[in-house]
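sequence first, predicted coordinates after that:
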Amino acid sequence: MSMAQVPAKADFTRSSVARYIQLATLFRRNMESGLWQVGRQIPTVDDLAEQYGVARATIRQAIGLLADEGLLSRHRAKGTFVNERPTSPIWCEVETDWNGLLSSRDEAEIEILADFEGVALPSLDQRYGTAAPRYRLLRRRHTQHGQRFLLAEVYIDQQLANKIPTESFTTMTALRLVASIPGIKIVEAHQRLTVGTADMETARLLDVPLNAPVCFVDRFAVDKRGQLVMVAKGIYRGDVIRLDMKLR
């Protein structure tokens with residue numbers, strides 16, 4: 001492959017994510033797009049180091065991650081070759097309308113990691129509503145086709161949580177849990193999205209490298225009293241999330 005086929009040099013200076021992880025993401029996309037074809041040799045370590053303006057050791061670390069995944073194979077005196085294209089990612093749409101936020105992901109499994117009662121809501125932006133006296137806190141992990149893609153802490157007004165069937169906690173989205181309670185009317189719902197990196201605990205629970213990109217999605221539901229009946233704090237894998245908005 002000629003240097004003309006290699007993407008332009010990237011700027012890694014403004015990100016807290018380790019450079020080799022950023023490079024591994026770029027290289028994975030080269031394989032997904034077909035730029036680096038199955039069975040073909042990729043550019044040399046020296047060429048990639050020059051192209052991206054990083055040390056050869058950083059390139060080797062990035063290639064090592066992909067080799068560990070089975071996507072690349074390294075052969076002494078021959079070079080590095082593409083074994084297979086990455087599997088199609090499990091895209092997680094970050095919905096921007098009410099109906100979408102209520103919908104569950106098809107074939108997704110929800111695992112309860114922890115369940116606490118009578119807890120206080122952590123400090124947050126009070127413009128969304130007033131806090132209830134106590135909440136039930138569910139820590140959940142979402143998996144689809146064997147891939148973990150979401151960690152969530154769901155705070156539900158303790159009085160309302162007692163009205164939710166136990167089986168619903170492993171089958172419903174956070175907003176659906178409170179919206180399904182008879183007599184409860186959600187008059188406002190807010191969503192806040194920020195981008196960050198995985199700490200040690202998040203990396204372990206989502207099976208991603210330390211400092212890998214993640215997306216924090218916080219959701220707030222307010223009832224007619226102006227009270228926060230539900231707060232959900234989600235952490236999505238950065239390589240599976242997609243925000244799709246209609247511009248008006």
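Sure, I can see it.

how about the helices in this structure?
19-33, 45-52, 56-68, 98-102, 158-161, 174-179, 200-206 (DSSP state H).

in terms of mean pLDDT, which of those helices ranks lowest?
Between those, the one with the least mean pLDDT is helix 98-102; it has a mean of 51.

how far away is the residue located most distally from the centre of the chain from residue 44?
Farthest-out residue of the chain from its mean C-alpha position, per CA atoms, centre = their mean: residue 77, at 38.3 Å. Computed with CB to CB, to the nearest Å, the distance linking residue 77 and residue 44 is 12 Å. Every residue, glycine included, has its C-beta placed from N, CA and C.

which residues of the protein score low on pLDDT?
The chain contains residues with pLDDT under 70 at 1-17, 87-106, 124-126, 242-248.

could you list the domains of it?
Split into domains by automatic domain parsing, the chain comes to 3-82, 92-243.

what ranges does the chain have for its strands?
Here the chain has its strands, by DSSP state E, at 72-75, 79-82, 92-94, 108-119, 130-131, 135-144, 147-157, 186-197, 213-223, 227-237, 241-243.

relative to residue 178, which of these is closest?
strand 227-237 (4.5 Å; CB to CB).

what lines up beside the closest one in the sheet?
According to DSSP bridges, strand 227-237 forms sheet pairs with strand 130-131 (parallel), strand 147-157 (antiparallel), strand 213-223 (antiparallel).

just the C-alphas of the second one, formatted as PDB.
These are the backbone C-alpha positions of strand 147-157, laid out as PDB (Å, rounded to 0.1, in the frame of the first residue of the first chain):
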ATOM      1  CA  GLN A 147     -20.800  -7.400  23.900                       C
ATOM      2  CA  ARG A 148     -21.200  -5.100  26.900                       C
ATOM      3  CA  PHE A 149     -22.100  -1.600  25.700                       C
ATOM      4  CA  LEU A 150     -23.700   0.400  28.600                       C
ATOM      5  CA  LEU A 151     -23.300   0.800  32.300                       C
ATOM      6  CA  ALA A 152     -26.000   2.800  34.100                       C
ATOM      7  CA  GLU A 153     -26.900   4.100  37.500                       C
ATOM      8  CA  VAL A 154     -30.700   4.500  37.700                       C
ATOM      9  CA  TYR A 155     -32.200   6.500  40.600                       C
ATOM     10  CA  ILE A 156     -35.900   6.100  41.000                       C
ATOM     11  CA  ASP A 157     -38.000   7.800  43.700                       C
END
